[in-house]
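>>> fold the following for me, if possible:
(chains A and B)
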2 protein chains.
Amino acid sequence: MTAPVELGWRMGAPRLSEDPDAWSAPRVRERFSALRESEPTAQVWRGDGPASELPYALRDDIDAVVFTPLGGTASMAQMAPMTWRQSLAANHTDGIVVLHKGRIVYEHYDGPLQPHTPHVCMSVTKSLVGTLAAAEMVAGRIDPDALVTAYVPELEASAWGNATVRQVMDMTTALEYDEDYTRPGAEVWSYLRAAGQLPREPGVIDPAGIRAFLCTVQRNDWHGEAFAYKTVNTEVLAWVLCNVTGQTLQQLVQERLWRPMGAEHDAYFGVDGKRLAGAGGAFNGTLRDMARFGEVMRGNGFFNGRQIVPEAAVADIRQGAAPAHFARAGYALLKGWSYRHMWWVTHNAHGAYCARGIHGQGIYIDPVAKMTIARFASHPRAGNAGLDPTTLPAYHALAQHLLATP
Amino acid sequence: MTAPVELGWRMGAPRLSEDPDAWSAPRVRERFSALRESEPTAQVWRGDGPASELPYALRDDIDAVVFTPLGGTASMAQMAPMTWRQSLAANHTDGIVVLHKGRIVYEHYDGPLQPHTPHVCMSVTKSLVGTLAAAEMVAGRIDPDALVTAYVPELEASAWGNATVRQVMDMTTALEYDEDYTRPGAEVWSYLRAAGQLPREPGVIDPAGIRAFLCTVQRNDWHGEAFAYKTVNTEVLAWVLCNVTGQTLQQLVQERLWRPMGAEHDAYFGVDGKRLAGAGGAFNGTLRDMARFGEVMRGNGFFNGRQIVPEAAVADIRQGAAPAHFARAGYALLKGWSYRHMWWVTHNAHGAYCARGIHGQGIYIDPVAKMTIARFASHPRAGNAGLDPTTLPAYHALAQHLLATP
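Have a look, this model is predicted:
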């Protein structure tokens, strides 16, 4: 593993928006544990009470758990059996914590990440937003069948002008917006520039700020027929949430999740040039606090002695959406899955579901095995296709191991 | 008082380095309680233990304490007697806390500032750096009579090439560097642009980063003969500190001050484009934690059950420097004062000394009255001349009141 701090990046790197190489490996590893040093951020306060208890019951048998990596895009070498411990390096893991029945059975940090250091969560952020929106939905303050424009009139002339909130929440909108990071002209790059997360390009004028960019996105097909993973949907959902509640996204996460769940550390959001929190991937939290949020979900919304998320909201997430819609997106390694309220639902025998972020961020909840995993990584490749082969089967093998050896 | 959040600035303002009006009143008030939303920052972690106790013994007789504002630059109207309570609005106070014998006797917040919100400390930052350097000095790891270049060879060709560490610590260097914020061409603007705190000017190339700028500053007279308040000296001192300790400034404040003193909240430093913490004015902490740091000093370095700063370092600060050097700077309202290790020493009958930051930031320690004051403000004028008339006599009047009514 690299040790970026020793290579001098901490003191010498230009800020993210001025540095085209900031996202490339292995620099990305050190960035991911100190994103606030490169970009403006907004505080998510943990509150002034004690942190909720995450009791330890560490086990020494987990490193040896063996699993077989998934096929698909994996090379033949990757398909040989692998141990849990081997998977950590293979996945460029920065930190991972496993809870079983509410107790920490495994915890591991590597590289610059420390227990008190917030790490970028990438699209795990989306699941926070989706959970907050689901709670507003079951409380009757957001109607999933209403048009987005009922809450955000500014989007009338955009692709979302005739989309419903549910289509946004489950990402079945049809957008002229390409999320493929491997294609230089993809609209995702304009989004990232508008959000202040990439340097501006000479001769290219991007809208100033996330919301101005959203207003430019156009429709390219009928909404509601196919799952298509596009980050801008989460930005729209956050806009809905902010208008319905009259609060900023950072206030909502602070007051409705981080404070009530007894977070151990402050967290933060990256913000755009208009000081708007990025809902698609800009949340940064500490590993144990991400695990706490996972435990909130595993407890069907109940954690730290109180109901934090309505039970009905969690149930609605866990039931998933239509796998037929999801299948049209063609994920070779995620057969039978669906995407519901910004969560990935496996529909496996354990009813597992997860939050997923590029470069290897994740929260994985296995209700049957009573297991919650939170994980940070800095895989040099953005997509999950390089990560899924050595994470998803490892998680399931560990769940089965925990069920077999309680 | 203005309520900037209601005026929409929180959601709508461009980032600081792109916004030439960011420093102007009344916008500055909301900025000062949320600077991280405009600029990259580095975390100062509070640690994972409990916050040190600051017991309450609130008194209702303080608002009515009367004092006479200082003359000098003040108008005749300001010179009429004023109450403590009246002074808060006159000074654009965002928050103030007063401790007497270690107990909070007065605490007040206004505008967007909350107890858990870090506020910009401006040049109070310098006193943190000076205290850390004084501690290294009494420990024998920094020789005050050595040349700066013994620790930072990169400064050989700059003004500091023939300056001693003590001249830097007491700001008696002679620099071709104008700190006058009212003069558009003053070098302080180049410094701020190099530090990423102001927008770049078309056609003006500033060095990239604080340290590159320091290397360009030239000498204009003999060092060691007159006090001249120039922020770049603190940046040089921080460079010395970082080289001597092998740590970043944020690590030093975290490990040597904030964690041992039992800080209640995380703090942070603004960083330049090279992720270097600004030592001259970029620290942001919460009001009660600034008061804790004041109590560390009032306790001659002892607080929270331990010796945090060496007693000899505090003694060296309290004794002050040569008032004759200070007098040459011509501060009409600060007769008889001196500047020692980045602290302002009044040499009054109570032996009071203070940390001071533009727009009204301050820590004021009165050892005789056993009184510590921490204060944040957003006065529309940068300099202290508009603030001193209604703060310094108020602090002394309160000290006398506390002595008279223990």
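>>> how about the residue nearest the centre of chain A, what does it touch?
The centroid of chain A falls nearest to residue A:124 when counting by C-alpha atoms, centre = their mean (0.9 Å). With contact taken as C-beta atoms under 8 Å, 6 or more residues apart in numbering or on different chains, residue A:124 is in contact with A:283, A:290, A:355-357, A:361-363. For the C-beta atoms, the positions are set from N, CA and C on the backbone; glycine is no exception.
>>> same check on residue A:235?
Contacts of residue A:235 (C-beta under 8 Å, 6+ apart): A:210-211, A:214, A:278-280.
>>> surely residue A:282 and residue A:267 touch.
No - checked against C-beta atoms under 8 Å, the pair residue A:282 and residue A:267 is beyond contact range at 10.9 Å.
>>> what pLDDT does the model give the nearest residue to residue A:256 once chain neighbours are set aside?
Using C-beta to C-beta, 6 or more residues apart in numbering or on different chains and skipping the chain neighbours, the partner closest in space to residue A:256 is residue A:132 (6.2 Å). Residue A:132 carries a pLDDT value of 98.
>>> quick one: name the residues of the stretch 151-300 of chain A near chain B.
A:196, A:208, A:248, A:264-266, A:268, A:271, A:273-276 (C-beta under 8 Å from any C-beta of the partner chain).
>>> what's the farthest-apart pair in the residues you listed?
A:208 and A:264 (35.9 Å; C-beta to C-beta).
>>> quick one: list the elements packing against the lengthiest helix in chain A.
For chain A, the helix that runs over the most residues, judged by DSSP state H, is helix A:388-404. Where contact means 3 or more C-beta pairs under 8 Å, 6 or more residues apart in numbering or on different chains; DSSP states H and E, helix A:388-404 is packed against strand A:66-67, helix A:84-90, strand A:361-366, strand A:371-377.
>>> now do the buried residues in that helix.
Neighbour counts over helix A:388-404 (16 or more other C-beta atoms under 10 Å in any protein chain shown) mark A:388-402 as buried.
>>> now stretch A:41-55
Buried residues in stretch A:41-55, defined by neighbour count with 16+ other C-beta under 10 Å: A:41-47, A:51-52, A:54.
>>> cool, and stretch A:334-344?
Applying a neighbour-count criterion of 16+ other C-beta under 10 Å, one finds A:334, A:337-344 buried in stretch A:334-344.
>>> can you tell me which of those residues is closest to chain B?
Using C-beta to the nearest C-beta, residue A:342 comes nearest to chain B of the buried residues of stretch A:334-344, at 22.4 Å.
>>> which residues does the closest one contact?
So residue A:342 contacts A:126-127, A:129-131, A:133, A:169, A:171, A:234, A:237, A:355 (C-beta under 8 Å, 6+ apart).
>>> mind doing that once more with 10 Å?
Contacts for residue A:342 (C-beta atoms under 10 Å, 6 or more residues apart in numbering or on different chains) come out as A:123-134, A:168-171, A:233-234, A:237, A:279-280, A:317, A:355.
>>> which of these fall in helices?
A:124-134, A:168-169, A:233-234, A:237, A:317.
>>> identify the farthest-apart pair in the buried residues of stretch A:334-344.
The largest separation in the buried residues of stretch A:334-344, counting by C-beta to C-beta, is between A:334 and A:341 at 17.0 Å.
>>> dihedrals phi and psi, residue A:289?
Note on residue A:289: its backbone torsions stand at phi -70, psi -30 [degrees, to the nearest 10].
>>> can you tell me how far it is from chain B?
13 Å (C-beta to the nearest C-beta, to the nearest Å).
>>> residue A:369 too?
29 Å.
>>> how about residue A:109?
14 Å.
>>> reformat the residues of the stretch 151-300 of chain A next to chain B as CSV; add secondary structure and neighbour count.
Formatted as CSV, those follow (DSSP: H, G, I helix; E, B strand; the rest coil; neighbours: other C-beta atoms under 10 Å in any protein chain shown):
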residue, secondary structure, neighbour count
A:196, coil, 27
A:208, coil, 15
A:248, coil, 21
A:264, coil, 22
A:265, coil, 22
A:266, coil, 25
A:268, strand, 28
A:271, strand, 28
A:273, coil, 21
A:274, coil, 19
A:275, coil, 22
A:276, coil, 28
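>>> ok, the residues you listed vs residue B:144, which is closest?
Using C-beta to C-beta, residue A:266 comes nearest to residue B:144 of these, at 37.5 Å.
>>> tally of neighbours for the nearest residue to residue A:170 once chain neighbours are set aside?
Of all residues not flanking residue A:170 in the chain, residue A:321 sits nearest, at 4.7 Å (C-beta to C-beta, 6+ apart). Using other C-beta atoms under 10 Å in any protein chain shown, residue A:321 is surrounded by 22 other residues.
>>> distance from stretch A:105-113 to the middle of the chain?
Offset of stretch A:105-113 from its chain centre (C-alpha atoms, centre = their mean, to the nearest Å): 19 Å.
>>> and that stretch, what's its mean pLDDT?
Per-residue scores along stretch A:105-113 average to 96.
>>> can you tell me the distance between the two ends of it?
Taking C-alpha to C-alpha, to the nearest Å, stretch A:105-113 runs 19 Å from one end to the other.
>>> what residues sit buried inside it?
A:105-113.
>>> got those residues as TSV, with secondary structure columns?
Below are these laid out as TSV (DSSP: H, G, I helix; E, B strand; the rest coil):
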residue	secondary structure
A:105	strand
A:106	strand
A:107	strand
A:108	strand
A:109	strand
A:110	coil
A:111	coil
A:112	coil
A:113	coil
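>>> closest to residue A:156 among those?
For the buried residues of stretch A:105-113, the nearest to residue A:156 is residue A:113 (43.5 Å; C-beta to C-beta).
>>> phi and psi next, for the closest one.
phi -70, psi 130.
>>> wouldn't it be in contact with residue A:32 here?
Yes - the pair residue A:113 / residue A:32 is scored as a contact, 8.0 Å apart, by C-beta atoms under 10 Å.
>>> what touches both of these two?
A:94, A:119, A:376-378.
>>> from the residues you listed, keep the buried residues only.
Counted by 16+ other C-beta under 10 Å, the shared contacts of residue A:113 and residue A:32 give A:94, A:119, A:376-378 as buried.
>>> list just the nearest of the residues you listed to chain B.
Once C-beta to the nearest C-beta is applied, the member of these that ends up nearest chain B is residue A:119, at 12.1 Å.
>>> which residue packs closest to the closest one, ignoring adjacent ones?
Among residues not flanking residue A:119 along the chain, residue A:376 sits closest, at 4.2 Å (C-beta to C-beta, 6+ apart).
>>> who does that neighbour form a beta bridge with?
residue A:95 (DSSP bridges).
>>> pull the contacting residues for it.
Counting by C-beta under 10 Å, 6+ apart, residue A:376 touches A:32-33, A:92-97, A:109-111, A:113, A:117-122, A:124, A:284-287, A:290, A:357, A:359-362.
>>> okay, and the helix or strand of chain A with the least pLDDT?
Sorted by mean pLDDT, DSSP states H and E, the helices and strands of chain A end with helix A:9-12, the least confident at a mean of 28.
>>> what separates the helix or strand following it from the chain centre, distance-wise?
Per DSSP states H and E, the first helix or strand lying C-terminal to helix A:9-12 is helix A:27-32. Offset of helix A:27-32 from its chain centre (C-alpha atoms, centre = their mean): 17 Å.
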